[in-house]
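S.K.: Pasting the sequence and the predicted model now:
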Amino acid sequence: MKRFFAACLAACLLSPVVLAAVQENPVPVRTVKPNYPRELREAGVSGVVMVKCMIDEQGNVAETTVLKSSNEKFDPPAVEALKKWKFKPARQDGKPVAIHVTIPIKFTVNES
């Protein structure tokens, strides 16, 4: 699961907009798996929530906005988990800077 988050985050952070804005992209140092809504797991429903967030100068997730979701019942656990993530902050000219990124949070029934 950590590899999935790292790969998704890397894909999001490698967009031209982000690369033009900072010299060093933020790097996740702690990820938290979202709680899967019981009724959706039991029904076999998988999905993805695209969350735009600001990673502040300390590497904390400071703001979140759901941009797109395959099922709105996934939104609260996705945002709740993402707020617990910790990052090595982005850097510009050697100094930590805040940056907006979009991170996909995936819910897959057959993953533990």
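M.R.: Right, received. Where do you want to start?
S.K.: drop to CA atoms for contacts and neighbour counts, all remaining ones
M.R.: Will do.
S.K.: just checking, R41 touches F74?
M.R.: No. When contacts are counted by Cα atoms under 8 Å, R41 is not listed as touching F74 (10.7 Å).
S.K.: following the helix or strand of the chain with the lowest mean pLDDT, which helix or strand comes up?
M.R.: Least confident helix or strand, the chain: helix 16-21 with a mean of 41, by mean pLDDT, DSSP states H and E. The C-terminal neighbour of helix 16-21 among helices and strands, as given by DSSP states H and E, is strand 27-30.
S.K.: who's more crowded, R41 and F74?
M.R.: Each of R41 and F74 has its neighbours counted (other Cα atoms under 10 Å); F74 has more, 22 against 14.
S.K.: would the more buried one count as being in a helix?
M.R.: Yes. Counting by DSSP: H, G, I helix; E, B strand; the rest coil, F74 is part of a helix.
S.K.: Buried residues, the helix or strand V101 falls within. List them.
M.R.: Using DSSP H and E, V101 maps to strand 99-107. Residues of strand 99-107 classed as buried: I99, H100, V101, T102, I103, P104, I105, K106, F107 (neighbour count, 16 or more other Cα atoms under 10 Å).
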